[in-house]
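>>> No sequence on hand, only this structure:
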């Protein structure tokens, strides 16, 4: 009997993107809308993909479209393949440019603390390179490196899950730069302001000012281990505004060392071991050799971290990787 899927292994990248959309949206119609195609065109592309592959990749059911085992395997691989091709396209576009270009993405407090020193070193050595700096949180900046939209990213993560943009074997390479310990920032006259070190449970009765969404998630895990649930008085995406609120007596806060700027009269007190910290590093494309300009800026960032007076960490080898903006909400 003739196998309708029998053929050579021919996989079109555009059709891989369409299959990913079908998997994401669960139907040909919704995938077609997202891709600005007709449902008939989506169906034809999937059929052509199946002919080239030699296996069915999707089946219609009363619940929509379900992927076959072959389809699921293709979708798992498609993200890596398309990311690599996007990166190649980005590099080819740079080759066609009149001058060397480099895009770096950074989170706010890291950019303020480390990036200027690193850029000064880089610009002095490579003045011909046209630099673009993009402010972005790790979930965005790591995805930018992965897709080729950025050449490297200064990013961070707390203990716990790594940012989605850097998860998996297809994610960027991650070079640790420093540990950025968190401090308890206390308002003027706080009962613990003169302490040399604090146990987290000692702050269990205080109200909290949250300086970043990621800090909030970390604080809740940290407080749970210490046996209390934090009562949130204010939530903001700006560490400096958070410290101003602490200075006004609204509550206490957890602030990374590189973002410390306590208001007059406030105190920043270290926390007991194991000390909570942000892990700051630089993400680059997972391949060798790294673009020479990107490698030079990566090395300048490493030197800036080592000279910053914080706890620089050894950066031998690279592994997969896994600032906040503005706006606040003050609770009752």
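Nice, I can see it. The structure presented is a predicted model; accordingly, all values stated were derived computationally and were not measured. Numbers count the residues shown, from 1 in each chain.

>>> okay, CA-based contacts and neighbour counts for the rest of this
Will do.

>>> Not counting residues beside it along the chain, what's closest to the spatially most central residue of the chain?
Per CA atoms, centre = their mean, the C-alpha nearest to the average position across the chain is that of residue 138, at 2.3 Å. In this structure, residue 138 finds its nearest non-sequential neighbour in residue 155, 5.3 Å apart by CA to CA, 6 or more residues apart in numbering.

>>> Please settle this for me: is the one you found part of a strand?
Yes. With DSSP: H, G, I helix; E, B strand; the rest coil as the criterion, residue 155 is part of a strand.

>>> quick one: it from residue 134, how far?
12 Å (CA to CA, to the nearest Å).

>>> Residue 233 touches residue 253, doesn't it?
No. In terms of CA atoms under 8 Å, residue 233 does not count as a neighbour of residue 253; the distance is 10.1 Å.

>>> joint contacts of these two?
Common contacts of residue 233 and residue 253 (CA atoms under 8 Å, 6 or more residues apart in numbering): 208, 209.

>>> Which of those two has more residues huddled nearby?
residue 253 (30 against 18; other CA atoms under 10 Å).

>>> Give the other helices and strands that the helix or strand that contains residue 143 contacts.
Using DSSP states H and E, residue 143 sits in helix 138-147. Applying 3 or more CA pairs under 8 Å, 6 or more residues apart in numbering; DSSP states H and E, one finds that helix 138-147 makes contact with helix 69-96, strand 101-106, strand 152-157, strand 277-284.

>>> ranking these by mean pLDDT, which is last?
For the helices and strands packed on helix 138-147, mean pLDDT drops lowest on helix 69-96, to a mean of 72.

>>> so what's the residue nearest to residue 138 bridging to?
residue 281 (DSSP bridges).

>>> Show me where this structure dips below the pLDDT cut-off.
1-10, 79-80, 82-99, 160-170, 288, 309-332 (pLDDT under 70).

>>> which strand of it spans the most residues?
strand 173-186 (DSSP state E).

>>> relative to helix 138-147, how tilted is it?
170 degrees (axes from the mean of the first three to the mean of the last three CA atoms, to 10 degrees).

>>> Give the other helices and strands that strand 173-186 contacts.
helix 239-247, strand 253-256, strand 267-270, strand 277-284, helix 292-306, strand 311-312, strand 319-320.

>>> Need the winner for burial among those.
strand 253-256 (a mean of 27; mean count of other CA atoms under 10 Å).

>>> Now tell me what touches that strand from outside.
Contacts of strand 253-256 (CA under 8 Å, 6+ apart): 180-186, 208-211, 215, 219, 239, 242-243, 246, 277-278.

>>> Other residues contacting stretch 190-201?
184, 186-187, 223, 226-228, 266-272.

>>> now with 6 Å?
Applying CA atoms under 6 Å, 6 or more residues apart in numbering, the contact partners of stretch 190-201 are 226, 267, 269, 270, 271, 272.

>>> Check the offset of it from the chain's centre.
On the basis of CA atoms, centre = their mean, to the nearest Å, stretch 190-201 sits 32 Å off its chain's mean C-alpha point.

>>> tell me which residues in that stretch are buried?
Buried residues in stretch 190-201, counting neighbours by 16 or more other CA atoms under 10 Å, are found at 193, 197, 198, 200.

>>> so how far is residue 32 from residue 174?
36 Å.

>>> who's more crowded, these two?
Comparing residue 174 with residue 32 by other CA under 10 Å, the one with more neighbours is residue 174, at 26 against 20.

>>> domain ranges for the protein?
13-84, 85-178+278-324, 181-275 (automatic domain parsing).

>>> starting at the chain centroid, how far to the shortest one?
Averaged C-alpha coordinates place domain 13-84 at 27 Å from its chain's average position (CA atoms, centre = their mean).

>>> Tell me the helix or strand right after whichever helix or strand residue 208 is part of.
Element membership for residue 208 (DSSP H and E) is strand 207-210. Under the assignment DSSP H and E, the closest C-terminal helix or strand after strand 207-210 is helix 213-226.

>>> the inter-axis angle of the next helix or strand after that next one versus helix 213-226?
Counting by DSSP H and E, the next helix or strand C-terminal to helix 213-226 is strand 231-236. Angle, strand 231-236 to helix 213-226, by the same axes, to 10 degrees: 160 degrees.

>>> what's the straight distance from one end of stretch 57-72 to the other?
8 Å.

>>> Greatest separation within the contacts of stretch 190-201: which pair is it?
226 and 267 (21.5 Å; CA to CA).

>>> quick revisit: and the angle from the helix holding residue 143 to strand 152-157?
Going by the same axes, to 10 degrees, helix 138-147 makes 140 degrees with strand 152-157.

>>> what about residue 155 and residue 134, which has more around it?
More crowded of residue 155 and residue 134, by other CA under 10 Å: residue 155, with 30 against 16.

>>> Contacts only, for that one.
138, 280, 281.

>>> Make JSON lines from these and add distance to residue 151 to it.
Converted to JSON lines, the contacts of residue 155 look like this (distance: CA to CA, whole Å):
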{"residue": "138", "distance to residue 151": "14"}
{"residue": "280", "distance to residue 151": "17"}
{"residue": "281", "distance to residue 151": "14"}
